[in-house]
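Student: build me a structure from this.
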Amino acid sequence: MNTAQRIGKNLKEARKYCGLTQSEAAAKLNMVQQQYSRFETGKFELNYDQILTLCALYNITPNELFDID
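Tutor: Residues are numbered from 1 along each chain as shown. You can find the predicted model right below:
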């Protein structure tokens with residue numbers, strides 16, 4: 001599993017823990033569900049603003065998102 005896929009897995013877990021659908025999370029980022037889905041599958045990488053927005057949305061730290069102890 002590469003880094004983008006690991007981050008995507010963590011995003012998916014955080015999203016589900018918060019009870020959000022991909023569509024709801026995508027709307028928070030002003031994008032469509034298909035675009036957001038590519039982050040969770042590791043096909044596209046997040047930019048800094050998206051990382052910060054998602055961490056705030058899911059109430060996690062960037063270290064948790066990147067799986068850094």
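
Student: now do the helices in the chain.
Tutor: 3-17, 22-28, 33-40, 48-58, 62-65 (DSSP state H).

Student: got the angle for the fourth one vs helix 3-17?
Tutor: What separates the directions of helix 48-58 and helix 3-17 is an angle of 30 degrees, with axes from the mean of the first three to the mean of the last three C-alpha atoms, to 10 degrees.

Student: again with the third one
Tutor: Interaxial angle, helix 33-40 versus helix 3-17 (the same axes, to 10 degrees): 120 degrees.

Student: out of everything not next to it in sequence, what's closest to the residue nearest the centre of the chain?
Tutor: Residue closest to the mean C-alpha point of the chain, counted by C-alpha atoms, centre = their mean, is Leu11 at 3.6 Å. Excluding its sequence neighbours, the residue lying closest to Leu11 (C-beta to C-beta, 6 or more residues apart in numbering) is Glu40, at 5.2 Å. Bear in mind the C-beta positions are built from the backbone N, C-alpha and C, glycine included.

Student: model confidence at the one you found, what's the number?
Tutor: Model confidence at Glu40, expressed as pLDDT, equals 95.

Student: that one reaches Ala26, doesn't it?
Tutor: No - with contact defined as C-beta atoms under 8 Å, Glu40 and Ala26 do not form a contacting pair (10.3 Å).

Student: which pLDDT value goes with the residue nearest to Ala26 when sequence neighbours are not counted?
Tutor: Distances taken as C-beta to C-beta, 6+ apart put Tyr36 closest to Ala26, at 3.7 Å, once the chain neighbours are dropped. According to the prediction, Tyr36 has pLDDT 95.

Student: quick one: Tyr36 and Lys28 touch, right?
Tutor: No - at 9.1 Å, Tyr36 does not count as touching Lys28 under the criterion of C-beta under 8 Å.
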